[in-house]
Each structure stands twice: as structure tokens, then as C-alpha cells.
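Chemist: fold the stuff below for me.
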Amino acid sequence: MLAARPMTNAHHPARIHLKLRELAQLFNSMDPSPFLDRDLDHDAEEFIVSWAREFPRDQNFELVVHLTTPPESDKAANTEHAVRHYFANRAEIKLREFRLLLRRGHASLIIGLVFLATCLFLSGLAEQFVYGPFKDITREGLIIAGWVAMWRPLEIYLYDWWPMRAEWRILQRLAHMKVRLQSGHTAPELSPGAEI
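Modeler: Residues are numbered from 1 along each chain as shown. Below is the predicted model:
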């Protein structure tokens, strides 16, 4: 697999180049689904997505697949639809994961707030009813436990949601990218990368 990072601007799509021996390498050979519903090869998907992350957020994509062996005409004609369909499905799955994460965030926030309020209430009772050296330990321990319970909802709302949303947006853009096949020659403009 070879890649080049060309100059990009708002008027031209960012090109992601793949160099393969044959078109079958683009797809998962173990997937028994019909061609249009077949999953992409894991390495090819990772390669495409990793390059897509490198380009500006407003840039459209074009996948240029350089093949040593000319593909079958029916598969060549359906490659763009198969690739778009795959990334559209991946985007839908990522959106569901994002919504599930937010639902978990809401639930964990409610649980955390209730637990925090309970701990603060109990620490107030400890101030009145616990005596001796255990008074401060009990009060501070309850306050710390209450705030520790808020760790998970804060992690979701501060850190976890936005990388997942960014990944969903990339997959959406990949679901609309153009796919072009070139066969029978090498691509001199490409710089060496990983090859499969």
C-alpha cells in the first residue's frame, strides 16, 4: 500500500492513494457477503481512515486505487458504491455508539449526583454524631467518596464524547468520497509507505 499527501485546497478533494496488486485486496477475503455489502480489509480501512484524519475538516476525499492487475469490469463499476456503503455503515455504527455513550453519561451523572448528595448529607451527620479521632476521617472520607463517584460522568462529558464525534464525522465524509481505479501502471507521484 502506498500513499502520498498532495497539496490540498477547498476546491479539490484530498486524494488518498492505495497501490494494490488486485482489487480483491481492498476487501475482506473472509467476508461471504455479496460484493456490494462486503467489508473492507482491516488494513486498508485503517490506512484510509488514518490518512483522512490528516486532512482539514472541510476537505472532501477521493480514493485513488492503483492496481497492478486490471479488475473485473462489474466489480470495477461497483467499487465506489461498495466502499461508500461500507463507510456509511461504519458511520451509522459510530453514531449509535456515540448516542449510547451520551445515554451512559446521563445515567452515570444522575447516579453520581445522588451518591454525592448522599455522601455530603452523611458527612454532615458525621460532624454531629461521630466523636473522637474518627470524626474527621469519616467526614473527609465520605466527601472524597462522593466526588470520586463523579469521575465517570466527568470523563464522558469532558474527554470521551468529542473524539467519537470526530471519528463519526470522518466516516460520514468517507461515505461520500469518490473512488477511482487506475490499473496497469505504477504511480510515480506516490511516496513509499506500507504495502499490502
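Chemist: residues near L158, how many?
Modeler: L158: 9 surrounding residues under other C-beta atoms under 10 Å. Any C-beta I mention is one placed from the backbone N, CA and C, and that applies to glycine too.
Chemist: with Y157 instead?
Modeler: Counted with other C-beta under 10 Å, the neighbours of Y157 add up to 16.
Chemist: excluding covalently adjacent residues, which one is nearest to it?
Modeler: Excluding the flanking residues, the one nearest Y157 by C-beta to C-beta, 6 or more residues apart in numbering is G105, at 5.8 Å.
Chemist: now do the same for the one you found: helix, strand or coil?
Modeler: helix (DSSP: H, G, I helix; E, B strand; the rest coil).
Chemist: any idea how far it lies from F115?
Modeler: G105 is 15 Å from F115, where distance means C-beta to C-beta, to the nearest Å.
Chemist: cool, F87 as well?
Modeler: Here F87 is placed at a distance of 41 Å from F115 (C-beta to C-beta).
Chemist: just give the nearest non-adjacent residue to the most centrally placed residue in the chain, would you?
Modeler: Note on the chain: the residue nearest the mean C-alpha position is E167, at 3.5 Å, using C-alpha atoms, centre = their mean. The shortest distance from E167 to any residue other than its chain neighbours is 5.7 Å, reached at K94 (C-beta to C-beta, 6+ apart).
Chemist: that neighbour: neighbouring residues, count only.
Modeler: Other residues close to K94 by other C-beta under 10 Å number 18.
Chemist: what pLDDT does the model give it?
Modeler: For K94, the pLDDT comes out at 96.
Chemist: now the strands for this protein?
Modeler: In the chain, the strands defined using DSSP state E lie at 14-20, 61-67, 178-183.
Chemist: ok, residues contacting the shortest one?
Modeler: This means strand 178-183. Contact partners of strand 178-183, identified using C-beta atoms under 8 Å, 6 or more residues apart in numbering, comprise 13, 23, 61-71, 76, 79-80, 83-84.
Chemist: and the closest residue to L26 other than its chain neighbours, how many neighbours?
Modeler: Residue nearest to L26 in three dimensions, not counting chain neighbours: A44, with 5.4 Å by C-beta to C-beta, 6+ apart. Other residues near A44 come to 21 when the count uses other C-beta under 10 Å.
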